[in-house]
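In: 3D, please:
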Amino acid sequence: MRGRVLDSATVNGLTLVRLSGEFDLSDGPLLRRALRSSTVAVLPDVALDMHDVDFMDCAVVGVLVSVSRSVTASGGCLRLVGLRPGPARLLRVCGLDGVLCVHASTASATAAPCPVHRATNGSGTRIPAQQTSSTPTAV
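Out: Numbering: from 1, shown residues only. Next up is the predicted model:
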């Protein structure tokens with residue numbers, strides 16, 4: 001099944017995008033367009049619901065990293081939720097499971113502010129909650 005964007009909505013001020021199917025190199029442009037912050041969202045954060053994503057290749061990982069950098073530069077974070085074993089393993093192998101913001105539930109992924117990035121340092125740079133005294137709710 002080809003990859004497709006099921007829908008995009010604004011939840012708690014951020015953009016939530018639901019994907020389905022299998023994503024590869026040919027889906028890069030579709031993902032880049034879909035993962036832009038909604039014009040009605042008040043937060044730059046983008047949550048990506050991947051519960052129905054069966055497969056993604058390394059080209060998709062590149063898109064996720066690129067989108068993550070762009071969203072982070074705007075003061076937000078790219079939040080992933082619902083990773084199935086294959087996509088989760090690919091992120092682990094690439095060493096990105098600790099870099100990208102991965103959540104266990106849609107509620108956590110759409111919380112404002114992001115439970116994984118609760119604190120900021122003096123320059124406004126986000127510090128993952130694992131590096132602060134609070135315990136993260138994400139995996």
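In: and the longest helix for the protein?
Out: Ranked by residue count and defined by DSSP state H, the top helix of the chain is helix 58-73.
In: find me the pLDDT at the residue nearest the centre of the chain, would you?
Out: For the chain, the residue nearest the mean C-alpha position is Arg79 (2.8 Å; Cα atoms, centre = their mean). Per-residue pLDDT puts Arg79 at 95.
In: mind listing the strands for this structure?
Out: In the chain, the strands defined using DSSP state E lie at 4-11, 14-23, 46-56, 78-81, 101-103, 119-120, 126-127.
In: quick one, the second one and strand 46-56 angle?
Out: Calculated by axes from the mean of the first three to the mean of the last three Cα atoms, to 10 degrees, strand 14-23 forms an angle of 10 degrees with strand 46-56.
In: how about strand 14-23: buried residues?
Out: By neighbour count, with 16 or more other Cβ atoms under 10 Å as the criterion, the buried positions of strand 14-23 are Leu14, Thr15, Leu16, Val17, Arg18, Leu19, Ser20, Gly21, Glu22, Phe23. Heads up, the C-betas are built off the backbone N, CA and C, glycines and all.
In: quick one: that strand to chain centroid distance?
Out: Distance of strand 14-23 from its chain centroid, counting by Cα atoms, centre = their mean, to the nearest Å, is 10 Å.
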